[in-house]
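> just to be clear, the model below is a prediction. Sequence and coordinates:
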Amino acid sequence: MFLEDNNEIRKELFQTIEGLTDEQFNKKPANDKWSPKQIFEHLVRMETVIATNIARELKNPDSPKARKKPIGLSTNRLIKVEAPGYTVPTEEYKTKMEMLKDLHESRLFLLDVYESSTKTVFKEKSFKHPIFGQVPLIQWFPFVGLHEKRHLKQLKKTIEML
């Protein structure tokens, strides 16, 4: 089930930054790269946007049914995807504790949305992914974890470069 997988990935994200100071957490390895804090901020923004979109589609009587998509491909970092503007992180300095709190809140929001409906309804409605097209709502919950797994690889590489 997606919850255990998502929680495992989230735990690994937290462990990966354990040894960093807040200064290191906010440091970019290069001008064109994200800092660990920016990676975390992007994950918060993505999870929030996904939960918001699922909640919106649950209320949309015209939300289209869609076929399952190969969302597992999203962990492949060789496939480059430009982050949608609304998920691009800021340059604002934030402590590790602030970002852990933000990630915790975005997860609670996603779980609230998950508990607000049924698997049957989640299978009947969808919203659009920039690459996969219409993705059934039921697949967006595990997608959050897969997306974090993708960025976990980026995070580890970023920390190595600091």
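Looks like it arrived, so ask away. Numbers count the residues shown, from 1 in each chain.

> just list the residues touching F141, thanks.
2-3, 6, 110, 114, 122 (C-beta atoms under 8 Å, 6 or more residues apart in numbering). For glycine as for every other residue, the C-beta is placed from the backbone atoms N, C-alpha and C.

> rerun at 10 Å
Residues near F141 by C-beta atoms under 10 Å, 6 or more residues apart in numbering: 1-3, 5-6, 50-51, 54, 110-111, 113-114, 119, 122.

> would you mind measuring from it to T95?
Distance from F141 to T95, counting by C-beta to C-beta, to the nearest Å: 29 Å.

> hmm, back to that, and the buried ones among the contacts of F141, selectable in PyMOL?
Those of the contacts of F141 that count as buried under 16 or more other C-beta atoms under 10 Å are selected in PyMOL with:
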select buried, resi 2+5+6+50+51+54+110+113+114+122
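
> thought E41 was touching Y86?
No - if you go by C-beta atoms under 10 Å, E41 and Y86 don't touch, sitting 12.0 Å apart.

> which one's more surrounded, those two?
E41 (22 against 9; other C-beta atoms under 10 Å).

> check contacts around that one.
Applying C-beta under 10 Å, 6+ apart, we find E41 in contact with 34-35, 87-90, 92, 94, 98-99, 102-103.
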